[in-house]
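Engineer: quick one, structure for this:
(one chain, ligands or ions: 1)
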Amino acid sequence: MKQVAVIGGGVVGLSCALALQDDGHQVTIVDPGPVGFGASAASCGCIAVGEIVPLSQPGMLAKVPGWLINPEAPLALRPSTALYMLPWFVKFAVNARAKTMRSIAADLASLTFQATQDFKDQMARYGIRDMLIERPIIKLFDNDADKALMGAAFGLARELGCIIDEISGAEAHEIDPSIAADFQHAAVLRDWSFVADCVRLVKDLNLVFLKRGGSVINSAARSFEINDRKCTAAILENADRLIADEFILAAGTASKALSKALGVPLPVEGLAGYWTGLGDPGVDLKHTVFYPAGGFGITPHENTLAVAGTIEFAGLNAAPNWRRADVLVERAKRVLPGLQTATSERRIGQRPFVPDTRPVIGRSDKLSNVVFATGHGQLGLTLGSTTGRLVSDIITGRNGGNDLQAFSPDRF
Ligand SMILES: Cc1cc2nc3c(=O)[nH]c(=O)nc-3n(C[C@H](O)[C@H](O)[C@H](O)COP(=O)(O)OP(=O)(O)OC[C@H]3O[C@@H](n4cnc5c(N)ncnc54)[C@H](O)[C@@H]3O)c2cc1C
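Structural biologist: Residues are numbered from 1 along each chain as shown. The predicted structure follows:
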């Protein structure tokens with residue numbers, strides 16, 4: 001049995017902590033809290049098995065001026081942070097070559113194809129009920145041009161084993177009559193599903209963790225003591241020293257500063273997205289629907305209809321631009337004509353992204369007792385349970401059969 005300190009109690013950190021408890025380790029989580037309000041609170045809530053084609057796409061650099069001009073576009077770059085983001089952005093753009101994109105997609109698929117089973121196992125093991133809603137998601141396209149933009153991504157995803165059925169917009173309306181009847185095309189992504197509530201998911205994981213004897217320190221990690229390739233303690237904001245045999249870095253976007261403090265700097269950036277919950281939406285949507293032209297999805301959670309998405313390169317500590325959230329809600333009426341838009345809550349979330357879109361899972365050669373579990377980008381909710389299993393395999397010294405070379409923290 002080892003004493004393990006998990007830095008960060010979001011969906012990834014909690015999943016690691018629980019899997020480590022399953023293996024008999026004594027686990028402490030450090031998180032300034034509140035529980036459940038990391039990036040996952042602003043998530044679309046999908047177990048996005050087919051979300052494997054990297055975000056960096058050919059021709060992206062030519063679009064940057066457009067992103068600067070229009071702060072309400074699905075993709076936007078804040079002028080005030082453009083210079084700061086430039087070095088990261090260049091690394092991101094390099095991954096847009098066809099061969100690299102294919103290799104990233106294959107690496108991501110090697111994890112996402114395990115995600116649904118891992119998630120189901122996790123929910124069953126911890127008695128978390130009614131969380132996974134096993135219905136496919138639907139993507140909607142106004143016209144041929146919109147659909148063509150997804151063509152290459154669909155082709156690559158299918159080649160790697162994703163199940164995508166192309167249907168007409170009218171058929172999408174038949175499947176889920178809340179959807180507008182006049183979309184020209186749609187696609188049903190059969191291997192995806194979604195969760196009943198993202199915040200409840202993280203809170204329930206936390207409750208199970210506490211019930212099984214885990215402890216949570218409500219503070220932030222600030223630095224580390226390192227001797228001879230070994231981390232001996234985490235220094236917390238409250239000035240305490242947290243000693244452990246093993247440390248897991250799972251602090252979402254804060255992993256950027258904390259990985260630097262560990263001597264293994266990771267190029268993590270926050271790609272902001274916005275979430276609006278509609279408590280009384282006036283429609284009975286059954287599936288998560290994505291509208292790529294607007295850059296958002298709409299998910300029917302158990303107590304709210306969530307309109308979430310877009311990507312804003314705004315830097316890590318940027319103040320929210322709530323106009324972006326409001327624009328999404330206005331555009332959601334195009335998808336669901338009967339939508340009532342009295343807003344109950346708005347959130348911003350910072351997806352922890354590294355330039356090659358692959359999460360960081362594994363040890364660095366520079367440190368013998370630290371495991372990195374971060375940089376999940378737009379797949380943290382999807383890959384939380386899988387990451388927990390993989391991290392516990394590493395700590396417990398078990399060969400789980402996954403080759404994690406592509407996810408190494410030393411690859412940058
Ligand atoms: C609009 C939007 C839509 C999305 N849709 C999806 C989707 O459909 N499916 C999907 O899989 N993913 C989706 N994502 C991405 C997903 O939400 C993230 O990948 C995921 O939440 C990351 O989890 P995490 O645990 O790594 O980070 P977080 O959830 O951000 O958790 C990090 C934790 O670290 C803590 N922390 C911060 N600083 C410190 C410190 N110094 N010391 C200790 N702890 C610290 C924070 O308080 C927080 O609790 C979406 C994200 C957004 C914004």
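Engineer: neighbours of the closest residue to the ligand within the stretch 1-150 of the chain, just the number please.
Structural biologist: As assessed by C-beta to the nearest ligand atom, the ligand sits closest to Gly10 within the stretch 1-150 of the chain, at 2.0 Å. For glycine as for every other residue, the C-beta is placed from the backbone atoms N, C-alpha and C. Close neighbours of Gly10, defined as other C-beta atoms under 10 Å, add up to 29.
Engineer: what sits against it?
Structural biologist: Gly10 sits next to Asp31, Gly38, Ala39, Ser40, Val202, Ala250, Ala251, Gly252, Gly380 when contact means C-beta atoms under 8 Å, 6 or more residues apart in numbering.
Engineer: keep only those residues that also lie close to the ligand.
Structural biologist: Residues of these in contact with the ligand (C-beta under 6 Å from any ligand atom): Asp31, Gly38, Ala39, Ser40, Ala250, Ala251, Gly252, Gly380.
Engineer: shouldn't the third one be in contact with Ile348?
Structural biologist: Think Ala39. No: Ala39 is beyond contact range of Ile348, at 9.2 Å (criterion: C-beta atoms under 8 Å).
Engineer: is Phe372 bridged to anything, and to what?
Structural biologist: For Phe372, the beta-bridge partners are Leu249, Gly362 (DSSP bridges).
Engineer: leaving out chain neighbours, which residue sits closest to Thr116?
Structural biologist: Ile47 (5.7 Å; C-beta to C-beta, 6 or more residues apart in numbering).
Engineer: contacting residues for the one you found?
Structural biologist: Listed by C-beta under 8 Å, 6+ apart, the contact set of Ile47 reads Ala115, Thr116, Phe119, Leu132, Trp192, Ser193, Phe194, Val195, Leu381, Thr382.
Engineer: in a markdown table, list those along with neighbour count.
Structural biologist: Formatted as a markdown table, the contacts of Ile47 follow (neighbours: other C-beta atoms under 10 Å):
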| residue | neighbour count |
| --- | --- |
| Ala115 | 23 |
| Thr116 | 19 |
| Phe119 | 23 |
| Leu132 | 18 |
| Trp192 | 28 |
| Ser193 | 23 |
| Phe194 | 26 |
| Val195 | 27 |
| Leu381 | 27 |
| Thr382 | 29 |
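Engineer: out of these, which comes closest to Asp144?
Structural biologist: Nearest to Asp144 out of the contacts of Ile47 is Trp192 (C-beta to C-beta; 23.8 Å).
Engineer: from Cys46, how far out is the closest one?
Structural biologist: Counting by C-beta to C-beta, to the nearest Å, the gap from Trp192 to Cys46 is 6 Å.
Engineer: between the two, what contacts are shared?
Structural biologist: In contact with both Trp192 and Cys46: Ile137, Thr288, using C-beta under 8 Å, 6+ apart.
Engineer: what secondary structure does Ala62 sit in?
Structural biologist: Here Ala62 is recorded as helix under DSSP: H, G, I helix; E, B strand; the rest coil.
Engineer: to clarify, my last question referred to Glu166.
Structural biologist: Classification of Glu166 using three-state DSSP returns strand.
Engineer: so Ala250 touches Val12, yeah?
Structural biologist: Yes: contact criterion C-beta under 8 Å: Ala250 and Val12 qualify, at 4.7 Å.
Engineer: between those two, which contacts overlap?
Structural biologist: Counting by C-beta under 8 Å, 6+ apart, the residues touching both Ala250 and Val12 are Ala373, Thr374.
Engineer: pretty sure Asp204 is in a helix, no?
Structural biologist: Yes: counting by three-state DSSP, one finds Asp204 located in a helix.
Engineer: so how far is the strand or helix carrying Pro352 from its chain's centroid?
Structural biologist: Secondary structure assigned from DSSP states H and E places Pro352 in strand 345-353. Remark: strand 345-353 is offset 10 Å from the chain centroid, using C-alpha atoms, centre = their mean, to the nearest Å.
Engineer: same deal with stretch 107-126?
Structural biologist: That offset, for stretch 107-126, works out to 14 Å (C-alpha atoms, centre = their mean).
Engineer: next: stretch 218-234.
Structural biologist: 26 Å.
Engineer: and if you look at stretch 167-179?
Structural biologist: The mean C-alpha position of stretch 167-179 is separated from the chain mean by 28 Å, C-alpha atoms, centre = their mean.
Engineer: how long is it end to end?
Structural biologist: In stretch 167-179, first residue to last residue: 14 Å (C-alpha to C-alpha, to the nearest Å).
Engineer: care to break the chain down by domain?
Structural biologist: 3-40+200-267+357-411, 49-112+133-195+269-353 (automatic domain parsing).
Engineer: tally of neighbours for the closest residue to Lys286 other than its chain neighbours?
Structural biologist: Once flanking residues are discounted, Lys286 sits nearest to Asp176: 5.3 Å by C-beta to C-beta, 6+ apart. For Asp176, the neighbour count with other C-beta under 10 Å is 19.
Engineer: which ones are touching Asp176?
Structural biologist: Ile138, Leu285, Lys286, His287, Val289.
Engineer: distance of Leu390 relative to Pro54?
Structural biologist: Leu390 sits 20 Å away from Pro54, going by C-beta to C-beta.
Engineer: er, Lys2 actually
Structural biologist: From Lys2 across to Pro54, the span is 35 Å (C-beta to C-beta).
Engineer: report pLDDT for the residue nearest to Lys286.
Structural biologist: pLDDT for Asp176: 98.
Engineer: for the helix or strand harbouring Glu312, packing partners?
Structural biologist: Per DSSP H and E: Glu312 is located in strand 305-313. Here strand 305-313 touches strand 75-77, helix 82-94, strand 269-278, strand 296-300, helix 322-335, going by 3 or more C-beta pairs under 8 Å, 6 or more residues apart in numbering; DSSP states H and E.
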